[in-house]
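**Q** I'll drop the sequence and a predicted model, then ask my questions.
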Amino acid sequence: RAPDPVEALAALGSADLAVAVGLLAESARLGVPVLLDGLMSVSCALVAEALAPGASAWWVAGHRSTEPAQAHALKSLGLEPLLDLGMRLGEGSGAVAALPVLRSGVAVLRDVALLSEILPQ
């Protein structure tokens, strides 16, 4: 309940969570998208958003876990997960499952012709 995100992280976090928060904030500053996974990554994202407002525009939620706290955090960040499969495995499994969806989207945007390119003029 500390209003300062660094104070909250120092009180409740650990070195690995602090690194994750820093990675999320810095990736957004550099314009590098990040695929979030479960509760811990989304919790770190909440702190990173408090440190760097607007950073969440660079993040994609891979999946919705069964943890109620993750759903609350996603709502707070304004993120809608790519997948909602009731997964509870952890270890990045939701992000790994979402990766083919993202790759397919990139392929469609990159490789599918526009109607103006294929219709006769």
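**A** That came through, no problem. This structure is a prediction, so every number in the text was calculated from the model and none was measured.
**Q** CA atoms for contacts and neighbours, from now on please.
**A** Noted.
**Q** Which residues does the lengthiest helix in the chain contact?
**A** Ordering each helix of the chain by length in residues (DSSP state H) puts helix 93-111 first. Applying CA atoms under 8 Å, 6 or more residues apart in numbering, the contact partners of helix 93-111 are 35-38, 61-65, 82-83, 87.
**Q** what's the average pLDDT for it?
**A** Across helix 93-111, pLDDT averages out at 83.
**Q** ok, then the element right after it?
**A** Toward the C-terminus, helix 93-111 is succeeded by helix 115-118 as the next helix or strand (DSSP states H and E).
**Q** from the middle of its chain, how far away would that next one be?
**A** Chain-centre distance of helix 115-118: 34 Å, with CA atoms, centre = their mean, to the nearest Å.
**Q** CA atoms only: put that helix into PDB for me.
**A** Extracted C-alpha coordinates of helix 115-118, given in PDB (Å, rounded to 0.1, in the frame of the first residue of the first chain):
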ATOM      1  CA  LEU A 115      -6.800  -6.000 -52.400                       C
ATOM      2  CA  SER A 116      -5.400  -2.900 -54.200                       C
ATOM      3  CA  GLU A 117      -2.300  -5.000 -55.000                       C
ATOM      4  CA  ILE A 118      -4.200  -8.000 -56.500                       C
END
